[in-house]
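Participant: Here is the input, now give the coordinates:
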Amino acid sequence: MNQTSHGWALVVDDHPLFCDALELTLKSVADFSAVKTADSLENALKLLEGNEAPSLVILDLNLPDVNGLDGLIRLKRQTEKTPVIIVSSMTDNAIISGAIVAGAAGFVPKHSPRAVFKEAIEHIGRNEVYKPAGFVESNASNERDDTVSRLSSLTNQQARILELICEGKLNKQIAYDLTIAETTVKAHVTAIMRKLGVQSRTQAVLVAQNARFASVLPTSM
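Facilitator: Purely as a prediction, here's the structure:
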């Protein structure tokens with residue numbers, strides 16, 4: 001468990017009571033120098049900018065400023081080497097599978113006892129991915145998982161450009177927003193389409209939209 005000892009941990013959850021409970025849990029099951037909390041993805045990203053990378057991140061999928069697996073993907077881009085454990089009350093196999101494909105080091109059902117969190121952290125310390133009891137590998141979600149994997153392969157700049165494409169912006173507008181040359185934007189767009197396996201900007205937007213929660217979650221939430 002060396003890689004998760006002594007360093008600090010970050011809990012990202014918008015429910016204060018659960019955030020406090022997770023903080024106490026982490027302090028009781030692992031040797032972290034500090035446990036910091038954030039109530040949104042944006043606040044978490046800001047916190048990461050001014051600090052050394054944490055040893056572990058605990059992330060709730062259902063945040064007010066996050067759309068599906070986007071939060072995990074964005075967090076992994078900023079803290080590439082930091083293991084992220086997803087903690088969620090939504091434990092459908094498709095969600096767990098998608099989170100792991102998107103880069104999660106583990107998935108723990110939200111109201112699990114401390115022993116489960118301890119087990120998950122020990123798995124991660126051995127460079128293993130922690131999957132909850134009852135998780136069943138399935139071929140049914142292969143197509144969606146492939147989409148998530150492709151989106152996860154984008155660089156920070158490519159991901160930002162794809163976001164702007166999804167907002168309907170043209171290359172010239174994107175170049176202005178990001179203060180880069182239009183030729184650079186064109187090169188990134190070409191690389192984005194290649195990574196996503198699409199032939200047009202419209203198809204790239206559809207891929208991005210299909211990877212969001214609408215295609216993963218049950219219809220009633």
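
Participant: which SS class is residue 57?
Facilitator: With DSSP: H, G, I helix; E, B strand; the rest coil as the basis, residue 57 sits in strand.

Participant: Can you tell me how far it is from residue 201?
Facilitator: 32 Å (CB to CB, to the nearest Å). In this view, the C-beta of every residue, glycine as well, is placed from N, C-alpha and C.

Participant: Compare these two (neighbour count), which wins?
Facilitator: Using other CB atoms under 10 Å as the criterion, residue 57 and residue 201 rank with residue 57 on top: 25 against 17.

Participant: What residues does that one make contact with?
Facilitator: 9-12, 44, 75, 79, 82-85 (CB atoms under 8 Å, 6 or more residues apart in numbering).

Participant: any chance of those in a markdown table, plus distance to residue 191?
Facilitator: Putting the contacts of residue 57 into a markdown table (distance: CB to CB, whole Å) gives the following:
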| residue | distance to residue 191 |
| --- | --- |
| 9 | 34 |
| 10 | 30 |
| 11 | 34 |
| 12 | 29 |
| 44 | 27 |
| 75 | 22 |
| 79 | 23 |
| 82 | 25 |
| 83 | 27 |
| 84 | 25 |
| 85 | 31 |
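
Participant: among the residues you listed, which are in strands?
Facilitator: Those of those mapping onto strands are 9-12, 84-85, per DSSP state E.

Participant: For ChimeraX, what selects the buried ones among those residues?
Facilitator: In ChimeraX, a selection of the buried entries from those looks like this (16 or more other CB atoms under 10 Å):
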select :9,10,11,12,84,85
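
Participant: tell me which of the ones in strands among the contacts of residue 57 is nearest to residue 27?
Facilitator: Residue 27 lies nearest to residue 9 out of the ones in strands among the contacts of residue 57, by CB to CB, at 8.8 Å.

Participant: lowest-pLDDT helix or strand in this structure?
Facilitator: Using mean pLDDT, DSSP states H and E, helix 142-152 stands out as the lowest-scoring helix or strand of the chain, at a mean of 75.

Participant: Would you pull up how far that one lies from the middle of the chain?
Facilitator: The chain centre lies 13 Å from the centre of helix 142-152; the measure is CA atoms, centre = their mean, to the nearest Å.

Participant: packing partners for the helix or strand that that helix is followed by?
Facilitator: Using DSSP states H and E, the helix or strand that directly follows helix 142-152 along the chain is helix 156-166. For helix 156-166, the elements it packs on are helix 70-78, helix 171-178, helix 182-196, helix 201-210, judged by 3 or more CB pairs under 8 Å, 6 or more residues apart in numbering; DSSP states H and E.
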